[in-house]
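Q: kindly generate the corresponding structure for this input.
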Amino acid sequence: MTFLLAALGILGISASGPIIAAFPAVPVMSMAFWRNGAAALILAGPAIKENPWQYLRFTRREWFYILVAGGALALHFVCFMFAVRMTSVAAATALVCIQGVWIALFQTLRGVRYRSPVLIGMSTAIVGVVLITGFDLGQGLTAFMGDLLALAGGVLAAVYTFAGSAARRTMSTSRYTSICYAVTAVLLLIICLATRQPLWGFDVGGWAGIILLTVCAQLFGHTAMNHLLSVLGPLTVSTLILLEIPGAALLAALLLGQVVPVGTYIGLGIILLGLVFVVRGQATPKLRA
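A: As a prediction, the model looks like this:
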């Protein structure tokens, strides 16, 4: 069962970028709102059925981490989904997935000392980033700006992971994900209203894209990975998430026919190699005395 859940989770998160790129008629922020709002309602059902009063019993600490995670996730979706439509799916996915580098860097600043493979991996991943952004700069300013948004999305994903792991210490998967997605949806709704983004009126194809994104990426992808955190541990889950990079590139090539420069694929491989070093090197971090 765990293997099947991991496979569905990887497939779900890998499909995120291609689905967003395949339905350009739906505004990015509107699509982000619906994927989170619908997922929050669906996931809240089992939790409410089990104990309807649990949503009234959040501690101050839990609310703090929920709000931080929800805010970071909302901004992450905005950055990543805009990036997918400005640059290639392969490049955007690889650049946003270097969140492991930002996590390791943040931990280093907090006083955690890692073994040399982590430092080697961080340096290797950065080389891959430079390579991809360099090739995308040659593709035009739009693609380059998409790369920068993807990098920002990776930083926000790292914040979301930190806050989420802290909140999950005292909360079940359904309780945490439903309230976190709800907070994210409310923030995205405010952004949509402030920027006058349409929330409905899409054609059948547009709604099909929203449903696909909600089911594949949000319910099967993000939720599966949140559950696996407590089953397999953060190190194993972080390693599994790396499969999103080749998965998204393959799906974009097969389903969308996206062709990117050879240098971009080389950059993807370098980033993937660097992230493997970063994730595996964090198995036994050492604290400074």
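
Q: tell me the contacts of the residue positioned nearest the centre of the chain?
A: Centroid-nearest residue in the chain: Ala157, 5.7 Å away (criterion: Cα atoms, centre = their mean). Taking Cβ atoms under 8 Å, 6 or more residues apart in numbering, we find Ala157 in contact with Ala72, His76, Phe80, Val96, Gln99. Every C-beta, even on glycine, is put in place using the N, C-alpha and C of the backbone.

Q: what comes up buried for the helix or strand where it lies?
A: For Ala157, the element it lies in under DSSP states H and E is helix 141-167. For helix 141-167, burial by neighbour count (16 or more other Cβ atoms under 10 Å) applies to 143-167.

Q: do stretch 101-120 as well
A: Applying 16+ other Cβ under 10 Å to stretch 101-120 flags Val101, Trp102, Ile103, Ala104, Gln107, Tyr114, Pro117, Val118 as buried.

Q: got the end-to-end distance for that stretch?
A: Start-to-end span of stretch 101-120 (Cα to Cα, to the nearest Å) is 11 Å.

Q: now it: how far from the chain's centre is it?
A: Put simply, stretch 101-120 sits 20 Å off its chain's centre (Cα atoms, centre = their mean, to the nearest Å).

Q: strands along this protein, start to end?
A: Assignment of strands within the chain using DSSP state E yields the ranges 112-113, 286-287.

Q: contact partners for the residue lying closest to Thr124 once chain neighbours are set aside?
A: Among residues not flanking Thr124 along the chain, Gly274 sits closest, at 3.3 Å (Cβ to Cβ, 6 or more residues apart in numbering). Gly274 makes contact with Ile98, Val101, Ile120, Gly121, Met122, Ser123, Thr124, Ala125, Ile126, Val127, Gly128 under the criterion Cβ under 8 Å, 6+ apart.

Q: ok, back up a step: out of the strands of the chain, which gets the lowest mean score?
A: Among the strands of the chain, strand 286-287 carries the lowest mean pLDDT, a mean of 48.

Q: before we move on, back to that, model confidence over the helix holding Ala157, on average?
A: Mean predicted confidence for helix 141-167 is 91.

Q: repeat that for stretch 16-36.
A: For stretch 16-36, mean pLDDT is 94.

Q: what's the first-to-last distance across stretch 104-117?
A: Note: stretch 104-117 ends 11 Å apart using Cα to Cα.

Q: whoops, stretch 103-115 was the one
A: For stretch 103-115, the first and last residues are 15 Å from each other (Cα to Cα).

Q: same deal with stretch 215-232?
A: Start-to-end span of stretch 215-232 (Cα to Cα) is 23 Å.
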